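Enquirer: 3D model of this:
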Amino acid sequence: MAKVLLENINKSYDETHIVKDVNLEIHDKEFLVLVGPSGCGKSTCLRMIAGLEEISGGTIKIGERVVNDLSPKDRDIAMVFQSYALYPHMTVFDNMAFGLRLKNRRRGLARLVYRNEIKQAEAAIREKVLSAAEMLDIQHLLNRKPKQLSGGQRQRVALGRAIVRQPQVFLMDEPLSNLDAKMRVQTRAEIIKLHRRLGITTIYVTHDQVEAMTMGDRIAVMNDGILQQCDTPLNLYHHPRNRFVAGFIGSPGMNFLEVHVIANDNGFLFKSDDIELEAPASRAKVLLPYAGKVLLLGIRPQDIYDRAHLPNALQANDGNIIRARCEVTEQMGDATHLFLQAGKHSLVTAVTPQSQPLPEEMMELVFDMKKVHLFDMESGDVIG
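Expert: Below is the predicted model:
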């Protein structure tokens, strides 16, 4: 096992700067998720770690070795691709054994066809393949060809091929994106259990923030080639560093309102058109420099409540109530998602299933003001 260190990593194609000064340490045995929208540079980072892309600047270390100039086969990594990348003419067993057999050929064992070494090597390969197959519950598939497998089974074969190599690092590039929703949930649970069992450092790339939140020990959020924040899932959710992270992490996404900060005798108000909210007293010191200015207020859908079904811990008052018109209702079973319009502001809430407003019905919403996030309008950085 090994840690992976990225120091000032850059990647450019001609004049296009794809990855910009990324600094990141992946700890030994950690499961780190690289997440971000399409084109943010996450897969490029993974391919540079694998040696499939040359870096334009910086240093990559796997363990104590600088691997900038090493070929992929010499980096002691195993990669699982989105497309599975299985050989269609080979059985499952041969697909899983292929990398080990190729490694032996490079060592010259293929020439020893009349000696015991090749038999011993093949026996060791068989033992590793059978062990991985048992771990993934695919022993009964070993004699099948890839075309005879479902998508989930193909993905397990691709995982097995990586496992038998016993690498220092697993690299996974959106391995679940070709699976249906139910199979994605099942397979991500299998990958987590597999990681706990093997303890191999894993770097996992996805654009799906739900995958990232449920799988990663830590999550590195990227946008426009820049590492925005790297932290645990809960810290990213509760303490985002900037507007992008706040909006990207969490489902449904965070609501944002442009508000004027107004000082009064009781503290500060957030005002935008017909919306007027009272800032918590704990934010007074932070808001002093912003009196008379415009800020971006963010609040998660889970922190906006239907006044008719308010939890006991939250009290409604003039400083946390707004009126909004319900436009769309989504019944999720465990919650109801409401899409509303409050003046010029579009809002989404995740309320209890008991809330059943009719289309176009006006309703009162209660903000949990202790849960609001404040961001600078120009930089997008969090305030306070």
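Enquirer: how many other residues sit next to the residue nearest to Ser272 when sequence neighbours are not counted?
Expert: Closest residue to Ser272 apart from its sequence neighbours, by Cβ to Cβ, 6 or more residues apart in numbering: Val259 at 4.7 Å. Where you see a C-beta, it was placed from the backbone N, CA and C, and this is true even at glycine. Neighbours of Val259 under the rule other Cβ atoms under 10 Å: 24.
Enquirer: other SSEs contacting whatever helix or strand Val259 lives in?
Expert: Following DSSP states H and E, one finds Val259 within strand 255-264. Strand 255-264 sits against strand 267-272, strand 275-278, strand 294-299, strand 345-351, with contacts defined as 3 or more Cβ pairs under 8 Å, 6 or more residues apart in numbering; DSSP states H and E.
Enquirer: So this structure: which segments form each domain?
Expert: Per automatic domain parsing, the structural domains of the chain span 4-240, 255-376.
Enquirer: Turn the ones you listed into JSON lines, including distance to Gly247.
Expert: JSON lines is the format used below for those (distance: least, Cβ to Cβ, whole Å):
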{"stretch": "domain 4-240", "distance to Gly247": "8"}
{"stretch": "domain 255-376", "distance to Gly247": "7"}
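Enquirer: wait, which of those domains is closest to Phe248?
Expert: Minimum separation from Phe248 across these (Cβ to Cβ) falls at domain 4-240, 6.0 Å.
Enquirer: mind checking the end-to-end distance for the closest one?
Expert: End-to-end distance of domain 4-240 (Cα to Cα, to the nearest Å): 24 Å.
Enquirer: Give the rounded mean pLDDT of that domain.
Expert: The pLDDT scores in domain 4-240 average 90.
Enquirer: just the domains of the chain: most buried one?
Expert: domain 4-240 (a mean of 18; mean count of other Cβ atoms under 10 Å).
Enquirer: residue ranges of the strands in the stretch 151-300 of the chain, please?
Expert: For the stretch 151-300 of the chain, applying DSSP state E, counting those that start in this stretch gives strands covering 169-173, 201-206, 218-223, 226-231, 255-264, 267-272, 275-278, 294-299.
Enquirer: For the fifth one, give me every contacting residue.
Expert: Right, the one you point to is strand 255-264. Here strand 255-264 makes contact (Cβ atoms under 8 Å, 6 or more residues apart in numbering) with 243, 247, 268-272, 275, 277, 279, 287, 290-301, 304, 345, 347-348, 375, 377.
Enquirer: Tell me the gap between it and the middle of its chain.
Expert: 31 Å (Cα atoms, centre = their mean, to the nearest Å).
Enquirer: quick one: it to strand 345-351, angle?
Expert: Orientation of strand 255-264 against strand 345-351 (axes from the mean of the first three to the mean of the last three Cα atoms, to 10 degrees) gives an angle of 110 degrees.
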